[in-house]
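Chemist: just coords:
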Ligand SMILES: Cc1cc2nc3c(=O)[nH]c(=O)nc-3n(C[C@H](O)[C@H](O)[C@H](O)COP(=O)(O)OP(=O)(O)OC[C@H]3O[C@@H](n4cnc5c(N)ncnc54)[C@H](O)[C@@H]3O)c2cc1C
């Protein structure tokens, strides 16, 4: 069955016509459907899903979410599930919500598959998007909290609650044109970026270096290896990593499996080696243990150096921002930019970001209600999967020592991604 642009569906029908996954966002953008069918509210005389310890104060809350990434979107959906009449404004300098966990797949799929325009979220959820980058500093947070408003581009935005979910900045260095980093993939797909560089390169040594053997670097490395194979480009790949094994933040089984796969793809591995720069067609390196510096030919280098967190916000066990040991009652934080002082996971993963975003949203509602009884954050990640190209992956499930690989690992990743795609359409299937 085919859907025509402009057709109207309720959510279950839309799901039957096109299950979540690649292309689902495009499908939803082309058809129209009604928010009232998705998010029935008290104002329509219908019930909303039950939220323990929450009795609405019957005030139409004004909420600002700074940052429309995983945490911000999870909070948006949760807020509107339980209070459909809330007025939610997302402040984010980007024009799209980016499904970053898929970015390495842009060697195979169009970048648009992983972008959800904020205008689409506005139509879908009835929220508002303001394109601006907030300066997030303790002094300003305190001022916004005391004033109950902020000024953005000469407009006064009032709020009852503010959620800071601005993620963590990506580590960047001054770089030459034949050096790429994660930011470059935000606006151009991997295939396009590489095609243009491969055509322009005139180096005698056809070698590409990937720097960083963490989860992001490894996912890009394997996609790139398969892309070069498909293109029959005749390039050789090398991985530079500062530690003695790849994926060193994960159990040893991850490294053993991944390094064996790198061997099959004939990828050279420089362990315990630090990146010091790129000059023309040479990559400058340093041995971590001896301090010895050396250079190697490298026509193109891709840097995946991780994230910096100079501005992590401290939060109490309920997600309220803490400044000088005092919680700001009406300002919450979630996602990579936050450190909760609780037993829950502060890992910089989409899973933790979604759970923190949902918890912060529930606590905002409870705080606005009659009881003001808030829920503490105890979420532990249930697993983590690193993809190794189009047909392979390695990960852990339930317990960190429980390493899975191949098809089972890929299936776990697909399920997790599908669950998030459902959330983006307003359907919350997260039980833990
Ligand atoms: C390539 C890659 C693959 C990954 N794969 C996985 C995976 O498989 N599984 C997993 O669990 N995790 C994965 N991660 C990690 C995961 O993507 C992050 O943990 C997650 O995106 C964090 O969500 P967040 O909402 O905190 O921040 P983000 O998703 O980074 O969103 C932050 C948002 O805030 C906006 N913003 C930034 N600064 C400001 C400001 N000053 N004012 C207003 N808005 C601002 C940004 O534009 C952005 O929209 C991956 C990361 C990368 C880079």
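Modeler: Structure received. These numbers were taken from a predicted model, which means no experiment stands behind them.

Chemist: ok and the residue in the chain nearest the ligand?
Modeler: Nearest residue of the chain to the ligand (Cβ to the nearest ligand atom) works out as residue 69 at 1.8 Å. Heads up, the C-betas are built off the backbone N, CA and C, glycines and all.

Chemist: surely that residue meets residue 335?
Modeler: Yes. Using Cβ atoms under 8 Å, residue 69 is in contact with residue 335, at 6.3 Å.

Chemist: Who has more neighbours out of those two?
Modeler: Counting neighbours by other Cβ atoms under 10 Å for residue 69 and for residue 335 shows that residue 335 has the greater number, 29 against 26.

Chemist: Next, count neighbours for residue 181.
Modeler: With other Cβ under 10 Å as criterion, residue 181 counts 18.

Chemist: Now do the contacts for it.
Modeler: 170, 172, 173, 175, 302, 303, 304, 305 (Cβ atoms under 8 Å, 6 or more residues apart in numbering).

Chemist: Please pick the buried ones from those residues.
Modeler: 170, 302, 303, 304, 305 (16 or more other Cβ atoms under 10 Å).

Chemist: just to revisit the earlier point, ignoring the adjacent residues along the chain, who's closest to the residue of the chain closest to the ligand?
Modeler: residue 167 (5.1 Å; Cβ to Cβ, 6 or more residues apart in numbering).

Chemist: For that neighbour, give me its contacts.
Modeler: 67, 69, 71, 335, 336, 337, 353.

Chemist: Let's see which of those end up in helices.
Modeler: Per DSSP state H, helices hold the following members of the contacts of residue 167: 71, 353.

Chemist: roughly how far is stretch 354-364 from the heart of the chain?
Modeler: 16 Å (Cα atoms, centre = their mean, to the nearest Å).

Chemist: One more: stretch 133-150?
Modeler: Going by Cα atoms, centre = their mean, where stretch 133-150 is centred and where its chain is centred differ by 24 Å.

Chemist: and the protein, which residues reach the ligand?
Modeler: 66-72, 91-94, 100-101, 103-104, 133-134, 136, 165-167, 182, 216, 219, 335-337, 348-351, 353 (Cβ under 6 Å from any ligand atom).

Chemist: residues near residue 349, how many?
Modeler: 17.

Chemist: Run through the residues that contact it.
Modeler: 381, 384.

Chemist: Quick check: neighbours shared by residue 69 and residue 335?
Modeler: 165, 166, 167, 353.

Chemist: quick one: secondary structure of the second one?
Modeler: By that I understand residue 166. coil (DSSP: H, G, I helix; E, B strand; the rest coil).

Chemist: The chain should start at 886 in everything you say after this.
Modeler: From this message on, residue numbering opens at 886, which makes the last subject residue 1051.

Chemist: quick one: contacts for it?
Modeler: Counted by Cβ under 8 Å, 6+ apart, residue 1051 has contacts 951, 952, 954, 1019, 1021, 1220, 1222.

Chemist: any idea how far residue 1131 is from the residue lying closest to it once chain neighbours are set aside?
Modeler: Of all residues not flanking residue 1051 in the chain, residue 952 sits nearest, at 3.8 Å (Cβ to Cβ, 6+ apart). Distance of residue 952 to residue 1131, given as Cβ to Cβ, to the nearest Å: 30 Å.

Chemist: more crowded one of the two?
Modeler: residue 952 (29 against 25).

Chemist: so that one touches residue 1047, yeah?
Modeler: No. Applying Cβ under 8 Å, one finds residue 952 not in contact with residue 1047, separated by 11.0 Å.

Chemist: So which residue is smack in the middle of this protein?
Modeler: residue 985 (4.6 Å; Cα atoms, centre = their mean).

Chemist: Which pLDDT does the model give it?
Modeler: Turning to residue 985, the model gives it a pLDDT of 95.

Chemist: Please apply the same query to residue 1258.
Modeler: 88.

Chemist: now swap in residue 928 and tell me
Modeler: 44.

Chemist: Ramachandran coordinates for residue 936?
Modeler: Dihedral angles of residue 936 (phi, psi; degrees, to the nearest 10) stand at phi -120, psi 110.

Chemist: list the contacts for it?
Modeler: 967, 1247, 1250, 1251 are the contacts of residue 936 under Cβ under 8 Å, 6+ apart.

Chemist: just the residues you listed now: which is nearest residue 1309?
Modeler: For the contacts of residue 936, the residue nearest residue 1309 by Cβ to Cβ is residue 967; the value is 17.7 Å.

Chemist: Not counting sequence-adjacent ones, nearest residue to that closest one?
Modeler: Per Cβ to Cβ, 6+ apart, closest to residue 967 is residue 936, 4.9 Å.

Chemist: all helices in the stretch 1036-1185 of the chain, in order from the N-terminus.
Modeler: Using DSSP state H, counting those that start in this stretch, the helices found in the stretch 1036-1185 of the chain span residues 1075-1085, 1100-1116, 1137-1149.

Chemist: Identify the residues contacting the second one?
Modeler: Contacts made with helix 1100-1116 from outside it, assessed by Cβ under 8 Å, 6+ apart, are listed as 989-990, 992-993, 1067, 1075-1076, 1079, 1083, 1093, 1095-1096, 1098, 1120, 1122, 1124, 1126, 1131-1132, 1134-1135, 1143, 1146-1147, 1150, 1152, 1187, 1189, 1191, 1269, 1271-1275, 1277.

Chemist: Please apply the same query to the last one.
Modeler: Residues from elsewhere that reach helix 1137-1149 (Cβ under 8 Å, 6+ apart): 1103, 1106-1107, 1124, 1130-1133, 1154, 1271, 1273, 1277, 1279-1281, 1286, 1288, 1290.
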